[in-house]
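Colleague: structure for the following, please:
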Amino acid sequence: MNAAAARRTALAAQGFADPRPAGEVGRRQLRRVLGRIKLLQLDSVNVAVRAHYMPLFSRLGGYPAELVDDAAWTHRARRPRLLVEYWAHEASLVPVEDWPLLRWRMREYGGSWRKRGRELLERSPDLVDDVLAAVKELGPVGAGALERELGEQRGSRGPWWDRSDTKRACELLFAMGALTTGARRGFERLYDLPERVLPPHVLGSEPEDEDAIRGLVERSAQALGVATEPDLRDYYRLDPPRSRQAVAELVESGVLEPVSVRGWSQPAYLHESARTPRRITGRALLSPFDPLIWERSRAERLFGFRYRIEIYVPEAKRRYGYYVFPFLLDGELVARADLKADRAAGVLRVPGAFAEPGRDREAVATELAGALRDMAEWLGLSGVRVGDRGDLAAPLRARV
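Modeller: Residues are numbered from 1 along each chain as shown. Next up is the predicted model:
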């Protein structure tokens, strides 16, 4: 398989070969995108738009953000919850039906939480039980409210219930699967019991570890189309031995086909359902947390596009900007734009815009201007304001 075919295969797997809906976007379209990408990563940064909203916009165009809120944090008999929070690729929204595939991780206290959780349990053995009891009584409830409740109840017994420990206990119970997110208030997680959030058939399902991990690797392969084993492993942040075993089993069963991709140094695997369109057309701005590009070495292999998020880089040392969105055009990453939603002024600001080497800046600027106007409209902003940084800034400013 040549590199161009691998790129088109990956884009099709991620939903970029699917036609955008002509009418109103609803749950059917949401399910279609989730069927492709499998999960939505959560992140607290809100410079332009929260991370979990943007992948749907990138694939569907304008849609009501409450569609995600409703699917993730409300439940009604006629419109049951579709998504639930857990540690998948970092903190994520995953389909409710996939929650049992992560039970093995819950038994391990959510990976990195295991060591910290053991220390907390040893130091404050009653705290976890008290937090769980308080959530049972008060939930859905935030960590701040729990701190106040436990402080009033336990204030005479010492400082063990301080802010950090209470929050750690909440997060430990969340990692263990003993608590989940019942709702969100703003971006604050409101904890609740899984039995009040998830349906009985999901709660009652607990596959064997090997079956669950094989299921996650297959979902990774469906979402990626063609991928190396480390690519497949990264999608749900699996450890190498388990991932390698699952890949070998999926190859043996015919679900994955070993392939060689020209220019890739490692073997690749093609999912049996993958397709390779002749062309990919259309445009999309991509969040830094979009699953197409979140594994940066894969993005570089697929697109020749070196991408690093520079939030934690001192401003003077940033090359492109604080919160930079790659721009996908007709199957190629052709530019990047530093974006900020200035809600006070009602505009989408573009402090910097940069074309990739060898691209036609005038043509790219025309398409990027249209994509930015679409994004501003979706965010309820009145226009786009382009700054001075980058070789694409002047032609882009002329078009918006």
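
Colleague: quick one: Ala4 and Arg262, what's the gap?
Modeller: Ala4 sits 9 Å away from Arg262, going by CB to CB, to the nearest Å. Backbone N, C-alpha and C define where each C-beta goes, glycine included.

Colleague: more neighbours: those two, which one.
Modeller: Per other CB atoms under 10 Å, whichever of Ala4 and Arg262 has more neighbours is Ala4, with 13 against 10.

Colleague: buried stuff in the one helix or strand that one maps to?
Modeller: Under the criterion of DSSP states H and E, Ala4 resides in helix 3-13. Going by neighbour count (16 or more other CB atoms under 10 Å), the buried part of helix 3-13 is Ala5, Ala6, Arg7, Arg8, Thr9, Ala10, Leu11, Ala12, Ala13.

Colleague: what's the answer for stretch 308-317, then?
Modeller: Here stretch 308-317 shows Ile309, Glu310 as buried, counting by 16+ other CB under 10 Å.

Colleague: starting at the chain centroid, how far to it?
Modeller: 21 Å (CA atoms, centre = their mean, to the nearest Å).

Colleague: quote the end-to-end distance of it.
Modeller: With CA to CA, to the nearest Å applied, stretch 308-317 spans 13 Å between its terminal residues.

Colleague: now it: mean pLDDT?
Modeller: Averaged across stretch 308-317, pLDDT comes to 92.

Colleague: what's in contact with that stretch?
Modeller: The contact list for stretch 308-317 (CB atoms under 8 Å, 6 or more residues apart in numbering) reads Val45, Pro288, Arg296, Arg318, Arg319, Tyr320, Gly321, Tyr322, Tyr323, Val324.

Colleague: farthest pair in these?
Modeller: Across those, the longest distance by CB to CB is 18.6 Å; it joins Val45 and Arg319.

Colleague: so who does the residue positioned nearest the centre of the chain touch?
Modeller: The centroid of the chain falls nearest to Gln41 when counting by CA atoms, centre = their mean (1.8 Å). Each residue near Gln41 by CB under 8 Å, 6+ apart is listed here: Ala51, His52, His89, Glu90, Ala91, Ser92, Phe289, Pro291, Trp294.

Colleague: do Glu229 as well
Modeller: With CB under 8 Å, 6+ apart, Glu229 has these contacts: Ser243, Arg244, Val247, Gln266, Pro267, Tyr269.

Colleague: how about Glu249?
Modeller: By CB under 8 Å, 6+ apart, the contact set of Glu249 is Glu210, Arg214.

Colleague: and with 6 Å instead?
Modeller: Taking CB atoms under 6 Å, 6 or more residues apart in numbering as the criterion, Glu249 is in contact with Arg214.

Colleague: wasn't it part of a helix?
Modeller: Yes - using DSSP: H, G, I helix; E, B strand; the rest coil, the assignment for Glu249 is a helix.

Colleague: quick one, grab the pLDDT at it.
Modeller: For Glu249, pLDDT reads 98.

Colleague: and what of the one 3 residues further on?
Modeller: At Glu252, the pLDDT value in this model is 98.

Colleague: please apply the same query to Met176.
Modeller: 90.

Colleague: quick one, phi psi at it?
Modeller: When read as degrees, to the nearest 10, the backbone of Met176 gives phi -80, psi -10.

Colleague: can I get the contacts of stretch 308-317 in JSON lines including neighbour count?
Modeller: What follows is those, written out as JSON lines (neighbours: other CB atoms under 10 Å):
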{"residue": "Val45", "neighbour count": "15"}
{"residue": "Pro288", "neighbour count": "23"}
{"residue": "Arg296", "neighbour count": "14"}
{"residue": "Arg318", "neighbour count": "16"}
{"residue": "Arg319", "neighbour count": "11"}
{"residue": "Tyr320", "neighbour count": "21"}
{"residue": "Gly321", "neighbour count": "26"}
{"residue": "Tyr322", "neighbour count": "19"}
{"residue": "Tyr323", "neighbour count": "21"}
{"residue": "Val324", "neighbour count": "25"}
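
Colleague: list just the nearest of the residues you listed to Phe187.
Modeller: Using CB to CB, the contacts of stretch 308-317 come closest to Phe187 at Val45, 10.1 Å.

Colleague: against Leu60, how distant is the closest one?
Modeller: 22 Å.

Colleague: Ala72 too?
Modeller: Using CB to CB, we find Ala72 at a distance of 16 Å from Leu60.

Colleague: contacts only, for Asn2.
Modeller: Counting by CB under 6 Å, 6+ apart, Asn2 has contacts Arg262.

Colleague: got phi/psi on it?
Modeller: phi -80, psi 170.

Colleague: ok, Ala91 next?
Modeller: According to degrees, to the nearest 10, Ala91 has phi -70, psi 130.

Colleague: strands of the protein, residue ranges please.
Modeller: 40-41, 83-88, 90-95, 180-185, 188-192, 226-228, 256-259, 268-271, 283-285, 324-329, 332-342, 347-355, 383-389 (DSSP state E).

Colleague: mind giving me TSV with the contacts of stretch 308-317 and columns for distance to Ala22?
Modeller: Shown next, in TSV, are the contacts of stretch 308-317 (distance: CB to CB, whole Å):
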residue	distance to Ala22
Val45	32
Pro288	29
Arg296	34
Arg318	40
Arg319	39
Tyr320	34
Gly321	34
Tyr322	35
Tyr323	31
Val324	31
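
Colleague: the residues you listed in helices, which ones?
Modeller: Per DSSP state H, helices hold the following members of the contacts of stretch 308-317: Arg296.

Colleague: of the contacts of stretch 308-317, which is the nearest to Arg359?
Modeller: For the contacts of stretch 308-317, the nearest to Arg359 is Tyr320 (15.0 Å; CB to CB).

Colleague: contacting residues for the closest one?
Modeller: Arg336, Phe354.

Colleague: show me how far the helix holding Ala4 is from its chain's centre.
Modeller: Relative to the chain's own centre, helix 3-13 is displaced by 20 Å; criterion: CA atoms, centre = their mean.

Colleague: show the average pLDDT along stretch 22-32.
Modeller: The model assigns stretch 22-32 a mean pLDDT of 94.
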